[in-house]
Structure formats: structure tokens, C-alpha cells
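> pasting the sequence and the predicted coordinates here, then a few questions.
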Amino acid sequence: MRLKAKLQEVIDKISAKPSKICILTHTNPDPDAIASAFGLAYFFKKTAKAKTELFYDGIIGRINNRIMVDVLKIPLKKITPKSFEKCDYICLVDTQPGKRNNCFPPDKQALMVIDHHFEEGLKIKADFIDIRKNIGSTAAMVCQYLDAFKIEIPSEIATALFYGIKTDTDGLLRDYSKIDERYYRKLFPKLDYRALHSIEYPELPKEYFYDLADAITSARVFGEILIADLGKAFVPDMTGEMADYFLRMEGISLVLVYGEFENRLYFSLRTKKRGRRLGLLSYELTEDIGSGGGHNKTGGGVVENPLLNKKVFLERFFTKFGIKLEKLSLFYSKI
């Protein structure tokens with residue numbers, strides 16, 4: 001198998017001498033990124049007996065994600081300016097060098113880059129590059145690595161990987177592949193069901209309901225399109241959660257939800273229709289003003305300096321879908 005041979009080259013390289021491998025997720029990591037880092041660390045432990053550290057920047061905002069880290073005892077650390085100095089090798093999961101959604105140093109070369117998002121034409125330097133935009137989750141790719149070396153997956157890692165696949169594919173209902181489906185089913189018997197339940201059904205902070213209220217009161221419908229402004233979001237992840245919520249509305253086929261957090265505008269796109277290519281759309285909407293990506297039915301990203309660029313972003317979206325620009329006045333109070 002070519003994949004196994006390429007992975008073996010990486011194992012041989014890091015086994016040549018005692019090494020510390022740092023695994024970096026994207027900023028504000030979601031369950032897929034967290035699970036992928038956790039699973040890759042276990043892969044290195046079993047194949048190369050290598051020491052690993054897991055890092056993220058930004059915040060772990062969504063309560064489900066924080067509980068996932070706590071309950072499954074995932075050793076994910078907030079990165080510091082000196083963290084990379086301790087690393088012999090750096091791996092990126094669910095992101096790529098050069099993208100604005102990670103803090104990977106531009107002067108370094110990665111050991112591994114594992115992702116399932118739109119490539120944006122970046123020139124990536126790494127020993128091992130596995131970018132497959134036709135797969136629904138990075139977690140499923142990591143499962144494939146473990147499977148290639150016949151590594152038994154313990155319950156806590158199986159639960160993390162399963163939840164990563166589930167959240168990124170909406171339980172195999174959107175943008176999933178046969179590989180996602182295979183490991184979704186294969187992991188199921190190994191799950192810690194109590195842990196999974198506590199992750200999926202946590203108590204929610206009051207701020208969650210404040211954002212929900214803002215989303216509902218700000219929502220405007222233009223034919224089959226719904227747009228909602230959270231104002232100041234209490235965590236960036238709320239845009240995705242509210243977009244999923246609004247997509248359930250009868251007669252709505254496309255949803256845009258956005259909100260500000262720490263002087264950045266975060267946005268999420270969702271659709272029920274095939275062929276929208278929301279990942280590419282997110283990239284186009286943020287060209288020169290931020291970064292975006294995703295898949296066919298899901299998209300999202302960040303707009304830098306919203307005071308200057310929020311209106312530009314919305315004008316691009318309105319123009320793309322033929323909404324009259326004078327309708328922007330409905331959102332002027334928040335621009």
C-alpha cells in the first residue's frame with residue numbers, strides 16, 4: 001500500500017534518534033481537529049515510541065469541545081511563543097501551512113500535513129502531505145493510518161475520532177466519503193457511550209442563549225436565503241451552531257451566520273443543496289480580507305478588521321446571490 005509506505009518513511013525518520021513531535025491544530029480547534037491530533041499522537045506512540053505534544057492557538061470555545069478534551073483526557077495545550085523551540089518536528093492536522101487559520105511559523109518545514117479542506121493553491125513543504133478534499137473529516141484519515149498498521153484503538157481515542165467524524169459530516173448526512181462511513185461504523189463498538197453522551201448533551205452557559213436570541217432577532221430572509229448577525233459572539237463556534245440551527249427552517253436552503261469575536265468577524269455557511277461548493281465560496285468571499293474554506297455543503301472563515309471589511313464581505317455575498325445591495329441597510333446598525 002502506497003499510503004503505508006509513505007507513513008513508514010516518516011516513522012523511520014523520527015525513529016532514527018529520540019525526537020519530540022509537536023502536533024498543531026487550526027486556530028479555535030473543532031472536534032475533528034482535536035480528535036485528529038489525539039489519534040495521530042497515539043499513532044506515533046505505537047509505531048515510533050515518539051514523544052508528542054498537542055498544541056492549539058485561539059480558544060476552545062464551544063462547551064462540547066471543552067468537555068471532549070476534559071472527559072477524554074486529551075493533553076491539548078495552549079501554544080506559547082516558545083513552544084516550537086522544543087519541537088524536533090511539527091505536524092499540522094485539519095489545516096495547512098500558509099493558511100491564516102493556524103500559527104505555524106512561515107520559516108519552518110512541517111513533518112506532516114494532514115487535511116481535508118480546499119487547498120487554495122498553497123505551496124507546501126513537508127515530508128508527508130495528505131490533503132484530500134473529497135473526504136469529510138481529517139479524523140477518518142487518521143483512522144486509516146492506524147488501520148494500515150493494524151493498531152488497536154482504545155476507547156477514549158475511538159470516542160474522539162468517532163465524534164470528530166460525526167460532527168464534520170453531521171452523522172454521515174453531508175460531505176462524507178466511503179472512508180468516513182467505514183470508520184464511523186468500525187469505531188462504534190469501541191465507544192465510551194457515557195463519555196459521548198456527556199460531550200453531546202452538556203449544560204449550556206447563559207451566554208449561549210444570549211447569542212441564540214441575537215441570532216433569531218437579527219435573522220432576515222431573502223427568498224431561500226437566511227442571514228443572521230450575532231453581533232458580539234461569546235465564542236467563534238456559535239456561528240456554525242446557529243447556521244446548523246437555521247438550516248432546519250422550512251423553505252430555507254442557504255444560511256449565512258456571522259459574528260464578531262476579538263476584532264475578527266467569524267462566519268459560517270450551510271446549505272441543503274448539492275453543487276453550492278461553499279468551501280470555494282468562502283475562499284472567494286474572503287479574498288484579500290481574511291481566509292475561508294470548507295466543503296460542498298459547509299463553509300466558513302474569518303474576516304480581518306471587521307470595521308473596514310464587514311461591509312465588503314456582505315456586499316460580495318449579496319452580489320453573488322442576486323440580493324439587492326440596498327437590502328444591506330437592514331444590517332447597517334451592526335456595520
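Noted; the coordinates are in hand.
> is it correct that Asp229 falls within a strand?
Yes: membership of Asp229 in a strand is supported by DSSP: H, G, I helix; E, B strand; the rest coil.
> measure it to Gly240 for me?
Going from Asp229 to Gly240 by CB to CB, to the nearest Å gives 15 Å. Every residue, glycine included, has its C-beta placed from N, CA and C.
> now Gly275
Using CB to CB, Gly275 is found at 21 Å from Gly240.
> neighbour count for the two, which is higher?
Between Gly275 and Gly240, Gly240 has the larger neighbour count (other CB atoms under 10 Å), namely 20 against 7.
> and the more buried one, how far from Gly136?
Between Gly240 and Gly136 the distance is 15 Å, computed by CB to CB.
> do Lys123 as well
26 Å.
> who has more neighbours out of those two?
Neighbour totals were compared for Lys123 and Gly136, and Gly136 leads with 28 against 6 (other CB under 10 Å).
> for the more buried one, which residues are in contact?
Listed by CB atoms under 8 Å, 6 or more residues apart in numbering, the contact partners of Gly136 are His116, Ile165, Asp168, Thr169, Leu172, Arg174, Asp175, Tyr176, Ser177, Asp180, His295.
> which of the residues you listed tops the neighbour count?
Ranked by the number of neighbours (other CB under 10 Å), the contacts of Gly136 place Ile165 first, at 31 neighbours.
> count the residues that sit near Val235.
Neighbour number of Val235 under other CB under 10 Å is 22.
> sec struct for it, please.
Val235 ends up coil, using three-state DSSP.
> look up how far Ile23 lies from Arg100.
As judged by CB to CB, Arg100 and Ile23 stand 20 Å apart.
> these two: who's more crowded?
Ile23 (27 against 16).
> can you report phi and psi for Gly290?
Backbone torsions for Gly290, taken as degrees, to the nearest 10, come to phi 170, psi -140.
> then Leu146?
In terms of degrees, to the nearest 10, the main-chain angles of Leu146 are phi -60, psi -40.
> ok, it touching Pro154?
No: applying CB atoms under 8 Å, one finds Leu146 not in contact with Pro154, separated by 10.7 Å.
> Phe162: neighbour count?
If you count neighbours by other CB under 10 Å, Phe162 ends up with 26.
> then the helix or strand of the chain with the lowest mean pLDDT to CSV, C-alphas only?
Least confident helix or strand, the chain: strand 290-294 with a mean of 91, by mean pLDDT, DSSP states H and E. Output in CSV follows, covering the C-alpha atoms of strand 290-294 (Å, rounded to 0.1, in the frame of the first residue of the first chain):
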residue,chain,number,x,y,z
GLY,A,290,-9.4,37.2,5.5
SER,A,291,-9.5,33.4,5.0
GLY,A,292,-12.1,30.9,4.3
GLY,A,293,-12.7,27.3,3.2
GLY,A,294,-14.9,24.2,3.8
